[in-house]
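Student: 3D model of this:
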Amino acid sequence: MEALSLYKKAHLVVAAIRVLTYLNNKPPTAEDVEGLLGTSSEEVLLVCRKLEKKGIVEAVEGAYGARLFVLDHTAIEEISRDLPTSGMEEEIEKFKKTQQERDKKIEEIKAKEEERKRKLFEQLNQGLKQGKPVSE
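Tutor: A predicted model of the protein is given here:
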């Protein structure tokens, strides 16, 4: 599954479980759901574990593997529809801000150095105009 919110993934997985239960007259396995949705079994299992914690889906271990059952599909509506913000996006923004601050400090240092050089050059020019020897 692409970058979908847990809400959308939950709807897809629950719908797949219901369709496969209807078609095969038995509860599907995670592999069955994976095959229908065209995703990895790890992702299906991850979503199922999250849904199991919320009481939406139940995985029952049997002689022929774990079968998935829908308990309360209406509880999906309580899930946030927003995409989860990854820590990486926050870290990237933090890094960009730090880089901008660093660039600003570098520009300030460069400006101070240019001002210092300009003043030194003016002093040297005044010294030369007045005929004073320039000492290093």
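
Student: Where do the strands of the chain begin and end?
Tutor: Ranges of strands within the chain are 57-62, 65-70, based on DSSP state E.

Student: highest average neighbour count across the ones you listed?
Tutor: Compared across the strands of the chain, strand 65-70 shows the largest average neighbour count, a mean of 16 (mean count of other CB atoms under 10 Å). Quick note: C-beta positions are derived from backbone N, CA and C, even for glycine.

Student: and residue 109, which of the strands of the chain is closest to it?
Tutor: Among these, the nearest to residue 109 by CB to CB is strand 57-62 (58.8 Å).

Student: Give me the neighbour count for residue 28.
Tutor: The number of residues packed near residue 28 is 21, by other CB atoms under 10 Å.

Student: That one and residue 105, how far apart?
Tutor: Distance, residue 28 to residue 105, using CB to CB, to the nearest Å: 59 Å.

Student: now what about stretch 20-38, what contacts it?
Tutor: Outside stretch 20-38, the residues that touch it by CB atoms under 8 Å, 6 or more residues apart in numbering are 1, 12-13, 16-17, 19, 40-41, 43-45, 48, 59-60, 64-70.

Student: Pull it out as PDB, backbone CA atoms only.
Tutor: Written as PDB, here are the backbone C-alpha positions of stretch 20-38 (Å, rounded to 0.1, in the frame of the first residue of the first chain):
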ATOM      1  CA  LEU A  20     -12.700 -13.000   0.800                       C
ATOM      2  CA  THR A  21     -15.000 -14.400   3.500                       C
ATOM      3  CA  TYR A  22     -17.900 -14.100   1.100                       C
ATOM      4  CA  LEU A  23     -16.100 -15.600  -1.900                       C
ATOM      5  CA  ASN A  24     -14.400 -18.500  -0.100                       C
ATOM      6  CA  ASN A  25     -17.000 -19.200   2.700                       C
ATOM      7  CA  LYS A  26     -14.200 -19.100   5.200                       C
ATOM      8  CA  PRO A  27     -12.300 -16.400   7.000                       C
ATOM      9  CA  PRO A  28      -9.100 -15.400   5.100                       C
ATOM     10  CA  THR A  29      -5.500 -15.500   6.200                       C
ATOM     11  CA  ALA A  30      -3.200 -12.500   6.000                       C
ATOM     12  CA  GLU A  31      -1.700 -14.000   2.800                       C
ATOM     13  CA  ASP A  32      -5.200 -14.100   1.200                       C
ATOM     14  CA  VAL A  33      -5.700 -10.400   2.000                       C
ATOM     15  CA  GLU A  34      -2.200  -9.600   0.700                       C
ATOM     16  CA  GLY A  35      -3.000 -11.400  -2.600                       C
ATOM     17  CA  LEU A  36      -6.200  -9.500  -3.000                       C
ATOM     18  CA  LEU A  37      -4.700  -6.100  -2.200                       C
ATOM     19  CA  GLY A  38      -1.400  -6.700  -3.900                       C
END
